[in-house]
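In: here is a sequence together with a model predicted from it:
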Amino acid sequence: MADRSTLNDIKRNIEGYVGQKVTLKANKGRKRTMIREGVLENTYPSIFVVKINGEYNSVRRVSYSYSDILTESVEVTISTDNNAIKVVS
């Protein structure tokens, strides 16, 4: 079982990249995965929010918990200038 310090480490790691472009790879169950690109909009004590620009000029916000990263049901890759940084637990 994950302890609180591990989740806090993941949160601190993500907080530094608010406003950066990210790629989400989420496991949706039954061998389905969703890959989307968006902007890390905000972090909260239990979740983080990513703003995704969708089709037809729509904006969608998705939120995930830090435990989703810990359990590897969501992979977050942060795109910086010339390289990508994968957030790991």
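Out: Everything's here; your move. Numbers count the residues shown, from 1 in each chain.
In: tell me, what residue is most central in the chain?
Out: Central residue of the chain (Cα atoms, centre = their mean): residue 76, 4.4 Å from the mean position.
In: need the longest helix for the chain.
Out: Determined from DSSP state H, the single longest helix within the chain is helix 4-15.
In: contacting residues around it?
Out: Helix 4-15 is contacted from outside by 40, 43, 45, 48, 66-67, 69-70, 76, 87, 89, using Cβ atoms under 8 Å, 6 or more residues apart in numbering. For glycine as for every other residue, the C-beta is placed from the backbone atoms N, C-alpha and C.
In: of the residues you listed, which belong to strands?
Out: 40, 43, 48, 76, 87 (DSSP state E).
In: could you identify which of those has the most neighbours?
Out: residue 48 (26 neighbours; other Cβ atoms under 10 Å).
In: go ahead and confirm that residue touches residue 39.
Out: No. In this structure, residue 48 is not within contact of residue 39 by Cβ atoms under 8 Å, at 11.5 Å.
In: quick one: low-confidence parts of this structure?
Out: 1-3, 81-82, 84-89 (pLDDT under 70).
In: any idea whether the residue of the chain positioned farthest from its centre is helix, strand or coil?
Out: What lies farthest from the middle of the chain is residue 56; by Cα atoms, centre = their mean that is 23.3 Å. Following DSSP: H, G, I helix; E, B strand; the rest coil, residue 56 is assigned to helix.
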